[in-house]
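Asker: Give me a model of this one.
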Amino acid sequence: TTQLAIAPEGAVYADRDFLWRLSSAAVELDHSEFTPLPDYDRLLAVLEGEIKLKIDEEAPFPLAPGRVVAFSGGVPVESWGRCVDFNLMVRKGTGTGFVTELRRTEPYEETIQPGAKTRALAVYCVSGRASLPQFGLEVQEGQTLLCLEGQSENFTIKGGPGVLMIASVRGV
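Answerer: Numbering: from 1, shown residues only. As a prediction, the model looks like this:
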């Protein structure tokens with residue numbers, strides 16, 4: 001697992017003292033049981049590959065790129081298959097997480113609407129490259145742009161073929 005961002009600064013995943021955490025992991029086992037995190041809500045997406053996911057008592061279902069699933073970190077979760085995933089965890093009662101995949105095969109210009117009370121916003125570049133012209137920023141494959149002061153106003157992302165994951169945490 002690669003930690004992309006964690007808040008507050010200095011928080012440690014193993015100590016479970018974080019408000020939110022953003023990560024990506026290569027799932028290399030054919031069958032996995034997720035670590036119980038009862039104090040957190042989770043959002044999970046597949047970046048590459050496909051897995052079958054079983055959340056609590058639900059029937060297993062396929063999770064492929066383009067779909068984001070939300071669940072309580074306290075319920076049993078199992079997966080079958082190998083993939084690279086994207087994961088946002090938010091401490092219950094402190095905020096709500098949102099994850100959107102932006103997958104494009106042609107050049108694009110998109111307006112992103114973070115929403116009111118956005119406390120943190122991340123743009124993770126899975127492939128390709130993109131720019132946020134109004135901020136003078138560019139993100140390339142494997143990089144994360146992170147705004148911790150909150151970004152509630154709309155902004156534009158321009159890019160070519162590629163995949164971006166946009167994650168936000170809104171306050172309660």
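
Asker: how near is residue 12 to residue 144?
Answerer: In this view, residue 12 and residue 144 are 19 Å apart by C-beta to C-beta, to the nearest Å. Glycine gets a C-beta too; all of them are placed from N, C-alpha and C.

Asker: actually residue 27, not the one I typed
Answerer: Taken as C-beta to C-beta, the span from residue 27 to residue 144 is 20 Å.

Asker: Contact partners for the closest residue to residue 164 other than its chain neighbours?
Answerer: Spatial nearest neighbour of residue 164, excluding adjacent residues (C-beta to C-beta, 6 or more residues apart in numbering): residue 102 at 4.3 Å. With contacts defined as C-beta atoms under 8 Å, 6 or more residues apart in numbering, residue 102 is in contact with 110, 157, 163-166.

Asker: Lowest mean pLDDT among the helices and strands of this protein, which one is it?
Answerer: strand 144-147 (a mean of 87; mean pLDDT, DSSP states H and E).

Asker: So what are the sheet partners of that one and their directions?
Answerer: strand 118-127 (antiparallel) (DSSP bridges).

Asker: And the contacts of the strand it pairs with?
Answerer: Residues contacting strand 118-127 (C-beta under 8 Å, 6+ apart): 4-5, 7, 20, 22, 24, 47, 86, 95, 114, 130, 132, 139-148, 150-152, 157, 162-171.

Asker: can I get the CA coordinates of that strand in PDB?
Answerer: The C-alpha trace of strand 118-127 is given here as PDB (Å, rounded to 0.1, in the frame of the first residue of the first chain):
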ATOM      1  CA  THR A 118     -14.800  20.900   1.300                       C
ATOM      2  CA  ARG A 119     -12.000  20.500   3.800                       C
ATOM      3  CA  ALA A 120      -9.600  18.600   1.500                       C
ATOM      4  CA  LEU A 121      -9.400  17.900  -2.200                       C
ATOM      5  CA  ALA A 122      -7.000  15.600  -4.000                       C
ATOM      6  CA  VAL A 123      -6.400  14.900  -7.700                       C
ATOM      7  CA  TYR A 124      -4.400  11.700  -8.200                       C
ATOM      8  CA  CYS A 125      -3.100  11.100 -11.700                       C
ATOM      9  CA  VAL A 126      -3.300   7.400 -12.500                       C
ATOM     10  CA  SER A 127      -2.200   7.800 -16.200                       C
END
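
Asker: Mind listing what's buried along that strand?
Answerer: 118-126 (16 or more other C-beta atoms under 10 Å).

Asker: Quick check: buried residues in stretch 137-146?
Answerer: So stretch 137-146, judged by 16+ other C-beta under 10 Å, has buried residues 139, 144-145.

Asker: What is the nearest of those residues to residue 53?
Answerer: Distance to residue 53 across the buried residues of stretch 137-146 (C-beta to C-beta) is lowest for residue 144, with 24.2 Å.
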